[in-house]
Structures are given as structure tokens and as C-alpha cells.
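# make a model of this:
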Amino acid sequence: MKDKWLRVSTTVGHEKTFPTPCEFCGTEMILRYSEIALKKAKNERGYDPRYNAIEYKCWTCGNTVVFCIHDDMEYLEELLNRRNGVPLYYPPVSQWASEDEEIAKKLEALGYL
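Residues are numbered from 1 along each chain as shown. Sure thing, here's the model as predicted:
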């Protein structure tokens, strides 16, 4: 199955259209962060370094997975402008807590709530 991403008007910029179960425990993973990489030339291996790296995390076992969504320079620059020039975006803790009751309990135990 090819991973499919949609452009969205949120700060994250892309939304997945497929499930992301953890490969170790099967729990559905949630958004951890998004980071924009903008370089105007290909690197020495020929890879295009213009992408939005989106990480998902399993809050049960801690496993993570990162997807690099390649997009055109104009859209990535627009996304960067939405973030006021800051390439790295973390969802607010309140968003993580609202995902699941167990996540909220873990965050509270760690002093985030």
C-alpha cells in the first residue's frame, strides 16, 4: 500500500489517509511532531531535501515512525509562513491529552498537565 498524504490548512500541513498501528503492540500511533526541511538543491546522493517530516509515536510502548512527505517548494514555504518561520511544530500537550485517557494520565504523571 502506498502511503497517501493530503495537504491541509493546519499548522502540520499534511494529513495521512491511512492507519498507523504500532508494529510492536498494534496501538494506533499519534502525531508527535512535524518539521519542514527546505533546501533548494539536491544533496550529494541525489535526494531532494524538500519535505515535511512527520513523526508518529506509540504512547503505549514508545515506538516512533517518521514519514518524509516531499512537496513543492511553494507549498512548504507557505507552511513555514503559517508557523511564523519556525520549521519544527509540536502539537500542544492538551491535544495529546485529548487523544486518549491513558495518554492524559501519563502526561499528568510526568507533570505536563
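
# contacts only, for Glu108.
When contacts are counted by Cβ atoms under 8 Å, 6 or more residues apart in numbering, Glu108 is found next to Ala97. C-beta: built from backbone N, CA, C; applies to glycine.

# can you give me the strands in this protein?
Assigned by DSSP state E, the strands in the chain fall at 5-7, 14-16, 30-37, 51-57, 64-70, 88-89.

# deepest in the core, which of these is it.
When you average the neighbours per residue for each of the strands of the chain (mean count of other Cβ atoms under 10 Å), strand 51-57 leads with a mean of 19.

# roughly how far out does that one sit from the chain middle?
Centroid separation between strand 51-57 and its chain, computed with Cα atoms, centre = their mean, to the nearest Å, is 3 Å.

# for that strand, packing partners?
strand 14-16, strand 30-37, strand 64-70, helix 73-82 (3 or more Cβ pairs under 8 Å, 6 or more residues apart in numbering; DSSP states H and E).

# quick check: buried residues in the lowest-mean-pLDDT helix or strand in the chain?
When each helix and strand of the chain is scored by mean pLDDT, DSSP states H and E, helix 93-99 comes last, with a mean of 83. Neighbour counts over helix 93-99 (16 or more other Cβ atoms under 10 Å) mark 96-97 as buried.

# quick one: contacts of it?
Contacts for helix 93-99 (Cβ under 8 Å, 6+ apart): 30, 59, 103-104, 107-108, 112-113.
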